[in-house]
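**Q** got a predicted structure here, sequence first:
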Amino acid sequence: MLPKRRFYSGVFLILLLITSCENDGQPSKKDLAYKQNKLAQTKQQPKDPFAWKPIKCDTNKRYIYLTFDDGPQNGTTACLELVKKLNVKATFFMVGSHANSENLATLVRTIKHNYPQVLLANHSTSHANNKYKFFYHHPEMAAQDFYLAQKTLHVPYKIIRLPGNSAWVVDSVIRASGLVKPVCQQLDSSGYSVIGWDVEWNFNHKTAYPLQRPYKIAEQVDTALAKNHVHTKNHVVILTHDRMFRKENFTDSLAKFINILKKDPRNVFETIDHYPGLKF
Ligand SMILES: [Zn+2]
């Protein structure tokens with residue numbers, strides 16, 4: 001047994017040796033690594049998932065913009081799950097007043113956070129209460145309705161689809177009917193782009209069941225592109241509604257339609273923020 005005093009002085013000597021090894025005027029390896037790590041952390045800005053990146057358009061390709069309107073609603077989840085399963089891009093134009101429960105508001109956030117596969121876009125707050133003439137005859141009020149949806153839904157880009165009307169504000173050109181032109185001008189001056197549609201998958205307004213069969217709507221898409229019956233050559237915007245696909249057999253129809261389009265190697269599915277001529 002060592003006497004207590006000798007034992008403590010031994011321990012002190014060892015501690016002194018360790019400290020002097022580490023602090024011989026130079027920072028230790030551990031210190032350096034810690035400082036470098038801290039520096040890297042301060043330099044690294046959190047990445048913005050919505051920092052918009054342009055795509056290079058290939059003139060041999062045909063760009064397909066699959067859009068779902070009026071969500072969040074019955075059918076939205078089925079559409080989201082399907083596009084994820086089939087690995088295609090799509091855009092959801094959503095309505096502020098439809099996000100009227102915690103579950104539906106969560107669904108909007110889910111859509112938003114699945115970017116870049118799917119994009120959340122603005123389809124107004126009130127959907128004009130389905131009184132389109134009144135809504136568009138009051139362009140200032142209508143514009144406010146869109147600005148509110150932009151805020152409440154936390155829409156990442158200033159991209160709008162008008163309820164009940166196909167109008168375009170792209171490439172600084174407004175193509176709209178007399179009824180909606182004033183609101184389009186207002187939205188344009190506030191930095192918004194407005195997207196209409198080239199091909200619509202129609203539905204029965206009582207049941208919301210889709211009217212055209214998958215091969216038929218795929219044929220319409222082909223014809224529109226081939227005959228250049230589209231707003232921008234080689235770019236086709238397809239309008240559908242989430243609720244059309246809430247039943248499993250119609251979700252299957254949507255899958256068939258997407259798979260027909262996927263077979264053509266010229267087709268590229270994109271989200272609407274990559275449509276040519278939008279403001280960013
Ligand atoms: Zn709508």
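**A** Everything's here; your move. Numbers count the residues shown, from 1 in each chain.
**Q** show me what from the chain comes close to the ion.
**A** By Cβ under 5 Å from the ion, the residues of the chain that approach the ion are 69-70, 163. Any C-beta I mention is one placed from the backbone N, CA and C, and that applies to glycine too.
**Q** may I see those residues organised as JSON lines, with secondary structure, neighbour count and pLDDT added?
**A** Formatted as JSON lines, these follow (DSSP: H, G, I helix; E, B strand; the rest coil; neighbours: other Cβ atoms under 10 Å; pLDDT from 0 to 100):
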{"residue": "Asp69", "secondary structure": "strand", "neighbour count": "23", "pLDDT": "98"}
{"residue": "Asp70", "secondary structure": "strand", "neighbour count": "22", "pLDDT": "98"}
{"residue": "Pro163", "secondary structure": "coil", "neighbour count": "22", "pLDDT": "98"}
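**Q** which among these gets closest to Leu261?
**A** Distance to Leu261, by Cβ to Cβ, is smallest for Asp69 among these, at 18.8 Å.
**Q** surely the closest one and Ala121 touch.
**A** No. Proximity of Asp69 to Ala121 does not meet the contact threshold set by Cβ atoms under 8 Å, at 9.6 Å.
**Q** would you agree Ile64 is in contact with Arg266?
**A** No. If you go by Cβ under 8 Å, Ile64 and Arg266 don't touch, sitting 9.7 Å apart.
**Q** got any residues that touch both of Asp69 and Ala121?
**A** Counting by Cβ atoms under 8 Å, 6 or more residues apart in numbering, the residues touching both Asp69 and Ala121 are 93, 161.
**Q** and the spatially most central residue of the chain, what are its bridge partners?
**A** With distances taken as Cα atoms, centre = their mean, Leu119 lies nearest the centre of the chain, 1.3 Å away. Counting by DSSP bridges, Leu119 forms beta bridges with Thr91.
**Q** next up, the contacts around it.
**A** So Leu119 contacts 89-92, 156-157, 159, 271-273 (Cβ under 8 Å, 6+ apart).
**Q** so which residues of the stretch 101-250 of the chain form helices?
**A** With helices called from DSSP state H, counting those that start in this stretch, the stretch 101-250 of the chain shows them at 102-113, 132-136, 139-152, 181-189, 214-226, 248-263.
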